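**Q** need coordinates for the below:
(one chain, ligands or ions: 3)
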Amino acid sequence: MADPAVLKTYFDTVDNLQDYYVERLKEAVAIKSYELADLGTHVMDGKTLKLPPAILGTYGNDQNKKTILVYGHYDVQPALIEDGWSSDPFELHETSKHQLIGRGASDDKGPVIGWLNAIEAHQKAGIEFPVNLKFCFEGMEECGSEGMDELVVREAKRYFTGVDAVCISDNYWLGVTKPCLTYGLRGISYFKITISGPGRDLHSGVFGGTVHEPMTDLFLLFSKLVSPSGDILIPGINDNVEPLTEEENKIYESIEFSMNEYHDAIGSKTTIYEDKIKTLQHRWRFPSLTIHGIEGAFSAPGTKTVLPAKITGKFSIRLVPNMEPDRINALVEKFLTEEFAKLGSKNTLNVGCVHGAKAWVSSPNHWNYVAAAKAIEKVFKVHPDYTREGGSIPITLTFQDALNKNVLLLPMGRGDDGAHSINEKLDRSNYIEGIKLFGAYLHEIAAIKAE
Ligand SMILES: C[C@H](N)C(=O)N[C@@H](Cc1c[nH]cn1)C(=O)O
Ligand SMILES: [Zn+2]
Ligand SMILES: [Zn+2]
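**A** Numbering: from 1, shown residues only. Ligands and ions are numbered 1, 2, ... in the order given. Got it, this is the predicted structure:
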């Protein structure tokens, strides 16, 4: 067990520094980090762009201590005030309810800065750091972690040598009150469908009714993908999804999860399922298909009567264990090509997967999870729930396979943080208690080693 006196000194130091930590997060949120660039290149929409750098760092090199690899990402989802934010998304501000609002506050700048604060609090408190740390902070996570698999595989026996376990803080509690440890993620296949027809955008009054319209074709294709109740309609997609067993069903019964809180997080009661078990299963262990948007279409306010000439529809499928991205991509491309042929349109279709990642499930009995559970008990005075996550963190499985080490997801934020949405927030208490949790977790790891 970690020394209670050391933990108390550490917790007190974090409490004393909390305003300073909020200022630091403010500086991080102010960086529009969907615009950074600089490591190799990748091709997006026909343009060659530089990849943003992955930041590798080492703190401590004591042979008698365990080495923990901490991963996070400094890139964020794009955000514009016109999307409906109540204030500038890149100016962190604190509400009267002590919510820190700003793009990336929860996903994932708060946790990334949290790790750095945990180191600094040890220095300020004069406490010996309990483990060696290696950091890997990347800037492409929100675009499928392009370039990262190669980096991790290349550095597995170089920079990452000596790593004993991996910790990622890039997901969220299941609800709003109880911390959790997460041992599974869904994967993702992200698709673009481009349909081109006329040589340029046209007047719909002058040309409408005489040309095949790309938008009409796209909407017909979109309508074939998924039913209103979430069933994926592409033949063969669900073939490899493991059937539910009675035993697995029981796991979901004991998890604390409130449909009311979930409705609050969504902002409506429009859930497909009324009960918690089906809702959790469809977030964690069944695939889902989401239509994200259309590039090239008229979307501004007003009544412009344009007939768009070329549009790109975007959708993704969240994958679960046993769903192979290559097989899924082939099924999707074949299906859309066949359905497009049935339309009898003279337009041109181009469909392809732009990035993908497999699902990941880990063993929560490992010492990495045991240490984190003890740390949660110290900081929050509760035993955590063990959860899976519906989102994707593409590099997780690569760390597990390339380093052959256990990976733990240790979330900082709450289920209602609104990651990827407007008014993303991180509660001040989650930020500050999260910094304590990170430090306590590292102390518990050192204590397990010494036991
Ligand atoms: C869970 C994590 N914080 C996250 O938001 N991941 C993204 C990753 C992604 C993959 N393609 C695009 N983004 C997600 O699950 O959407
Ligand atoms: Zn994230
Ligand atoms: Zn994200």
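**Q** what does the stretch 351-451 of the chain put close to ligand 1?
**A** Applying C-beta under 6 Å from any ligand atom, one finds that the stretch 351-451 of the chain approaches ligand 1 through 391-393, 419. From N, CA and C alone the C-beta is placed, and that goes for glycine too.
**Q** name the SS class of S189, please.
**A** What DSSP: H, G, I helix; E, B strand; the rest coil gives for S189 is strand.
**Q** which residues of the protein lie near ligand 1?
**A** Residues of the chain found near ligand 1 (C-beta under 6 Å from any ligand atom) are 107-108, 141-142, 144, 170-171, 188, 190, 391-393, 419.
**Q** below-threshold pLDDT in the stretch 151-300 of the chain: ranges please.
**A** Along the stretch 151-300 of the chain, no part satisfies pLDDT under 70.
**Q** that's a strand at Y71, yeah?
**A** Yes. Inclusion of Y71 in a strand is indicated when three-state DSSP is applied.
**Q** which residues does it bridge with?
**A** According to DSSP bridges, the residues that bridge with Y71 are C136, I168.
**Q** before we move on, the earlier item: now, of the residues of the chain next to ligand 1, which are buried?
**A** Buried residues within these, defined by neighbour count using 16 or more other C-beta atoms under 10 Å: 107-108, 141-142, 144, 170-171, 188, 190, 392-393, 419.
**Q** ok so, going back, which of the residues of the chain next to ligand 1 fall in helices?
**A** In helices, judged by DSSP state H, none of those are found.
**Q** for A375, state which of those is nearest.
**A** Each of the residues of the chain next to ligand 1 was scored against A375 by C-beta to C-beta, and N171 proved nearest at 16.7 Å.
**Q** thought that closest one was touching P411?
**A** Yes. Contact status for N171 versus P411: in contact at 4.7 Å, counting by C-beta atoms under 8 Å.
**Q** if I look at these two, which residues touch both of them?
**A** With contacts taken as C-beta atoms under 8 Å, 6 or more residues apart in numbering, N171 and P411 have T182 as neighbours in common.
**Q** mind giving me the domain split of the protein?
**A** Residue ranges for the structural domains of the chain, counted by automatic domain parsing, are given in the record as 4-186+359-450, 187-242+285-357.
**Q** quick one: list the elements packing against the helix or strand encompassing A372.
**A** A372 is located in helix 367-380, with elements delineated by DSSP states H and E. Using 3 or more C-beta pairs under 8 Å, 6 or more residues apart in numbering; DSSP states H and E, the elements in contact with helix 367-380 are strand 165-168, strand 180-185, strand 407-409, helix 428-450.
**Q** quick one, which of those is nearest to N132?
**A** N132 lies closest to helix 428-450 among the helices and strands packed on helix 367-380, at 9.9 Å (C-beta to C-beta).
**Q** what angle separates that closest one from helix 367-380?
**A** 130 degrees (axes from the mean of the first three to the mean of the last three C-alpha atoms, to 10 degrees).
**Q** how far away is the spatially closest residue to R283 that is not a sequence neighbour from T177?
**A** What sits nearest to R283 in space, not counting adjacent residues and going by C-beta to C-beta, 6 or more residues apart in numbering, is G390, at 3.9 Å. For G390, the distance to T177 (C-beta to C-beta, to the nearest Å) stands at 19 Å.
**Q** so which of the two has more stuff around it?
**A** When neighbours are counted by other C-beta atoms under 10 Å, G390 comes out ahead of the other of G390 and T177, with 18 against 13.
**Q** pretty sure the more buried one is touching T290, no?
**A** No. The pair G390 and T290 fails to qualify as a contact (C-beta under 8 Å) at a distance of 10.7 Å.
**Q** shared neighbours, the two?
**A** Taking C-beta under 8 Å, 6+ apart as the contact criterion, the common neighbours of G390 and T290 are R318.
**Q** ok, the residue of the chain found nearest ligand 1 - contacts?
**A** When C-beta to the nearest ligand atom is the measure, the chain has its nearest residue to ligand 1 at G391, with 3.2 Å between them. G391 makes contacts with 171, 185-186, 318, as judged by C-beta under 8 Å, 6+ apart.
**Q** repeat for I55
**A** Taking C-beta under 8 Å, 6+ apart as the definition, contacts of I55 comprise 74, 135-138.
**Q** would a markdown table of those with neighbour count and distance to ligand 2 be doable?
**A** Conversion of the contacts of I55 to a markdown table gives the following (neighbours: other C-beta atoms under 10 Å; distance: C-beta to the ion, whole Å):
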| residue | neighbour count | distance to ligand 2 |
| --- | --- | --- |
| Y74 | 22 | 10 |
| F135 | 19 | 16 |
| C136 | 24 | 14 |
| F137 | 20 | 11 |
| E138 | 27 | 10 |
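**Q** can you map out the helices along the chain?
**A** For the chain, the helices defined by DSSP H cover 4-16, 18-29, 110-125, 148-155, 204-207, 214-222, 246-253, 259-266, 276-284, 325-343, 367-380, 395-403, 428-450.
**Q** which secondary structure elements does the shortest one contact?
**A** What it means is helix 204-207. Judged by 3+ C-beta pairs under 8 Å, 6+ apart, helix 204-207 is in contact with strand 306-307.
**Q** partner strands of the strand it packs on, parallel or antiparallel?
**A** Sheet pairing for strand 306-307, assigned by DSSP bridges, gives strand 202-203 (antiparallel).
**Q** got a list of contacts for the partner strand?
**A** Identification of contacts with strand 202-203 by C-beta under 8 Å, 6+ apart yields 208, 211, 305-307, 309.
**Q** and if we set it to 7 Å?
**A** Strand 202-203 is contacted by residues 305, 307, 309 when judged by C-beta atoms under 7 Å, 6 or more residues apart in numbering.
**Q** how about stretch 246-254?
**A** The contact list for stretch 246-254 (C-beta under 7 Å, 6+ apart) reads 277, 280-281.
**Q** same thing but 8 Å
**A** Contacts made with stretch 246-254 from outside it, assessed by C-beta under 8 Å, 6+ apart, are listed as 276-277, 280-281, 285.
**Q** turn those into CSV, including distance to ligand 2 and neighbour count.
**A** CSV is the format used below for the contacts of stretch 246-254 (distance: C-beta to the ion, whole Å; neighbours: other C-beta atoms under 10 Å):
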residue, distance to ligand 2, neighbour count
K276, 25, 16
I277, 26, 16
L280, 20, 20
Q281, 23, 18
R285, 21, 21
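**Q** mind giving me CSV with the residues you listed and columns for distance to P4?
**A** Formatted as CSV, the entries for the contacts of stretch 246-254 read as follows, by distance: C-beta to C-beta, whole Å:
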residue, distance to P4
K276, 36
I277, 39
L280, 35
Q281, 40
R285, 39
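**Q** out of those residues, which one sits closest to N117?
**A** N117 has its nearest neighbour among the contacts of stretch 246-254 in L280, at 32.2 Å by C-beta to C-beta.
**Q** if we ignore the residues flanking it in sequence, what's nearest the closest one?
**A** Y252 (5.2 Å).
**Q** sorry, back to before: specify which member of the buried ones among the residues of the chain next to ligand 1 is nearest to A402.
**A** When those are compared for distance to A402, the smallest value, 14.8 Å, is given by I393; criterion: C-beta to C-beta.
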